[in-house]
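>>> Sequence first, then the predicted structure:
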Amino acid sequence: MDKNWAFALILLLIYSLLIRSISLLKSSIWHDEGFSLMLASRSPIDIWLGSARDVHPPLYYEILHFWTEIFGNSVISVRSLSLVAGIMVVWLGYQIAFMISKKRNVALLAGLLLSLNPFLIRYSQEVRMYGILGVFLLIAIIGLIKVSKDSKDWFGYVLYVIGVSAGLYTHYFTAMVVIAFWIYIVSIYFIKNRITLITNWRWWLANILALLIFLPWVPSMLAQFTRAQGLGWLSKTSIRTLNDTVWQFITFTDARQILVLIYWLVPILILGLVAYVCIKDRSKEKFSRLLALFTFLPLIIAILISFIRPVFHERYFVFSAIGLCLMMALAIYYIFLNNKYLAISIALIIVLIQLVGIRNVYAQSNHQMSRVMGFINQNYRTGDRIISGELYVYFDGSYYNKTGSSFLLYTGSGRPNGYGESGLIYDKNVYLDNFANIPSGRVWILGKTGDQSYYKNLPSNWELIETTSAGYSEARLYQIQ
């Protein structure tokens with residue numbers, strides 16, 4: 001690589017780091033992150049067993065466990081794992097764009113779009129598996145590109161096996177990506193200058209190895225699928241879902257509030273750019289087809305399934321946002337070959353839209369559990385009891401709890417069944433079915449702001465002493481007479 005291009009890449013990665021770090025600490029650890037940290041605090045074996053009671057595979061939590069063993073569990077430490085993954089996504093995306101286009105300027109443009117994408121920025125700041133899943137799947141794509149060019153490239157197969165197996169152990173939607181890979185491999189077998197990877201024993205062996213690596217988790221996966229616990233909060237999809245998702249990718253906001261014409265027009269134009277890339281791609285391997293399948297096929301499968309049984313949420317498709325950025329960079333390149341002014345204009349519009357999205361990311365970083373729990377920590381007295389009014393504040397509240405007193409969880413509406421997120425506490429003596437079971441003394445109720453049901457269920461002899469709130473978190477101190 002020329003020194004100038006290497007320097008440009010380094011600057012891009014530094015910029016990506018800075019723009020992802022600005023609001024890294026603005027928002028407190030929230031519910032899902034608190035769950036990740038509580039599970040990751042266990043031993044590796046207990047993480048495996050605990051994940052089996054949840055809805056996701058265990059690899060991310062295992063990695064987070066060792067990450068915190070090395071770097072500690074401060075907010076900046078635990079979020080830095082996703083931050084590093086976000087930087088790796090930019091670098092890997094740069095490499096993929098160069099492998100496909102053989103142009104450093106195209107690769108740099110792809111890296112720039114990845115670095116500025118608000119959806120990717122948001123999930124580079126969260127203690128969840130979505131960003132690192134993108135890293136694994138990009139590794140798999142690099143492996144697939146390599147073996148598509150040279151079916152005897154053993155390193156490519158190794159990368160593919162690592163990426164796919166690690167992806168499956170991170171999130172089940174990797175299976176949809178593998179389907180996209182297979183459809184791509186089949187499709188290039190039937191083009192004019194066919195690529196016969198589908199008949200190559202190495203390709204079959206690589207996929208069998210990835211499946212064998214995942215095999216130990218299959219019984220736990222089947223049990224999770226049978227229970228379908230922890231998915232009840234998801235909603236069914238509609239004909240607007242794909243449109244909404246594209247807007248989420250580029251602006252990180254609910255776009256239904258804007259003009260209807262713009263709401264439909266922008267995603268259609270973006271999809272048009274994707275189609276344009278596939279049409280203009282004259283390469284033997286048709287890698288634009290691979291990126292299009294990688295980006296949209298898993299989305300479409302999940303949306304269709306969710307018409308019947310909801311499994312779809314935008315954040316599960318961080319990898320699709322990555323693919324969309326790569327496709328847009330290639331589209332701008334192909335347009336530039338015919339009309340450089342139009343290409344520059346499109347690039348500027350995309351960048352400006354993403355800058356608006358970055359503002360939205362920063363504006364939405366407003367969870368303030370640290371302030372509320374900081375108040376409790378500061379004013380806690382020996383003998384005080386702390387009750388979480390609902391499971392949604394239990395995990396993040398526990399992360400910030402420095403009192404030495406364990407939380408109780410109010411279960412007046414019914415105890416959880418010990419699966420899904422409640423799988424972490426089903427075997428602990430934390431449930432409180434009735435507030436009347438608390439003897440005299442001071443009691444803290446940790447919950448959300450507003451007129452919550454658990455505030456209404458308090459006995460008449462509970463006297464409210466003090467209230468503090470920040471964001472949508474609230475703590476109330478009561479004296480039992």
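Done, it's in.
>>> Contact partners for the residue most central in space within the chain?
Nearest residue to the geometric centre of the chain (Cα atoms, centre = their mean): Tyr130, 2.6 Å. When contacts are counted by Cβ atoms under 8 Å, 6 or more residues apart in numbering, Tyr130 touches 82, 123, 171, 315-316, 318. From N, CA and C alone the C-beta is placed, and that goes for glycine too.
>>> Repeat that for Ala331.
For Ala331, the contact set (Cβ under 8 Å, 6+ apart) comprises 273-274, 276-277, 346.
>>> now do Leu12
Residues counted as contacts of Leu12 (Cβ under 8 Å, 6+ apart) are 90, 94, 108, 111-112, 115.
>>> Next: Asn457.
Counting by Cβ under 8 Å, 6+ apart, Asn457 touches 412, 435.
>>> let's see it at 10 Å
389, 410, 412-413, 434-436 (Cβ atoms under 10 Å, 6 or more residues apart in numbering).
>>> can you pull out the strands in this protein?
Per DSSP state E, the chain carries strands over the ranges 385-388, 408-410, 431-432, 441-448, 462-470, 473-480.
>>> re earlier: out of the contacts of Leu12, which are inside helices?
90, 94, 108, 111-112, 115 (DSSP state H).
>>> about what we covered before: could you export the strands of the chain as TSV, including distance to Leu13 and mean pLDDT?
Converted to TSV, the strands of the chain look like this (distance: least, Cβ to Cβ, whole Å; pLDDT from 0 to 100):
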stretch	distance to Leu13	mean pLDDT
strand 385-388	41	95
strand 408-410	43	94
strand 431-432	48	92
strand 441-448	39	95
strand 462-470	34	95
strand 473-480	35	95
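>>> Now Gly131. Nearest residue, chain neighbours left out?
Ala85 (4.0 Å; Cβ to Cβ, 6 or more residues apart in numbering).
>>> For Arg240, see how far away that neighbour is.
Remark: distance between Ala85 and Arg240 (Cβ to Cβ, to the nearest Å) = 30 Å.
>>> Which one of the two is surrounded by more residues?
Of the pair Ala85 and Arg240, Ala85 is the one with more neighbours under other Cβ atoms under 10 Å, namely 23 against 13.
>>> Go ahead and confirm that one touches Val127.
No - contact between Ala85 and Val127 fails when scored by Cβ atoms under 10 Å: they sit 11.2 Å apart.
>>> which residues do the two both contact?
Contact with both Ala85 and Val127 is made by residues Tyr60, according to Cβ under 10 Å, 6+ apart.
>>> mind listing what Ala302 touches?
With contacts defined as Cβ under 10 Å, 6+ apart, the neighbours of Ala302 are 173, 176, 237, 241, 245, 310-313, 316-317, 320.
>>> I'd say Leu49 and Ala223 touch.
No - using Cβ under 10 Å, Leu49 makes no contact with Ala223, being 11.7 Å away.
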